[in-house]
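Q: From the sequence below, what's the structure:
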Amino acid sequence: MRPKAVIIGPPGSGKSTIGAGLAERLGVTLRDTDADVERAAGKPIGEIFIDDGEERFRELERAAVAEALAEHEGVVALGGGAVLAEPTQELLAGHTVVYLRVGLAEAIKRVGLASARPLLVLNPRSQMRKLLEERLPIYERLGTVHVDTDGREPDEIVEEVVRALEGNA
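A: Sure thing, here's the model as predicted:
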């Protein structure tokens, strides 16, 4: 048992939106590991960061990803930073990993500068640039399917992913 696709990408790349559309198109369910983390902690991610710290959040995130990859047969959407953990990178080997590419300007437009995202609080534009620079090589390496999202409608992106999955089948 393994997911049909695992969606990765930075904040604002459309992981939740594209994941939901892809799951619907494939006739399966979407499992969002950020939602799993919030359920396990009993509070929103922002509060986990404030109350318990980023280290605790990452610990919960690693567990949520491992569980989703082992149990879920549909589409799994990972939080943007989940790929930073080496154990997670190792678990993704052999999976169909869809990397949603997004440019800095588009990501900032989608996320918004007044965001509830804990890692973007101080200087969102600068933090987003730093975050993209740090994570980009990891996303590129882990993605088995790469899809550009800038200036595109979700339906168009979902269709491209479906075609790519059919090509990989």
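Q: What backbone torsions are found at residue 8?
A: When read as degrees, to the nearest 10, the backbone of residue 8 gives phi -130, psi 160.
Q: and it, what are its bridge partners?
A: Beta-bridge pairing for residue 8 (DSSP bridges): residue 99.
Q: Check it and give its pLDDT.
A: Listed pLDDT for residue 8 reads 97.
Q: Tell me which residue lies farthest from the centre of this protein.
A: Computed with C-alpha atoms, centre = their mean, the residue of the chain farthest from its C-alpha average is residue 51, at 23.0 Å.
Q: That residue against residue 44, yeah?
A: No. Counting by C-beta atoms under 8 Å, residue 51 does not reach residue 44; the two are 10.3 Å apart. All C-beta atoms are positioned from the backbone trio N, CA, C, and that covers glycine.
Q: How much space separates the residue farthest from the centre of the chain from residue 45?
A: Noted for residue 51: a distance of 11 Å to residue 45, by C-beta to C-beta, to the nearest Å.
Q: any common contacting residues for residue 51 and residue 44?
A: Overlap of the contact sets of residue 51 and residue 44 (by C-beta atoms under 8 Å, 6 or more residues apart in numbering) is empty.
Q: right, and the helix or strand after the helix or strand of the chain with the lowest mean pLDDT?
A: The helix or strand of the chain with the poorest confidence is helix 104-111; it has a mean of 70 (mean pLDDT, DSSP states H and E). Sequence order places helix 124-142 as the next helix or strand after helix 104-111, per DSSP states H and E.
Q: after that following helix, next one along is what?
A: strand 145-148.
Q: Any regions of the protein where pLDDT drops low?
A: Along the chain, the parts satisfying pLDDT under 70 run over 108, 110-125, 168-169.
Q: cutoff 50 now
A: In the predicted model, the chain carries pLDDT under 50 at residues 114, 119-120.
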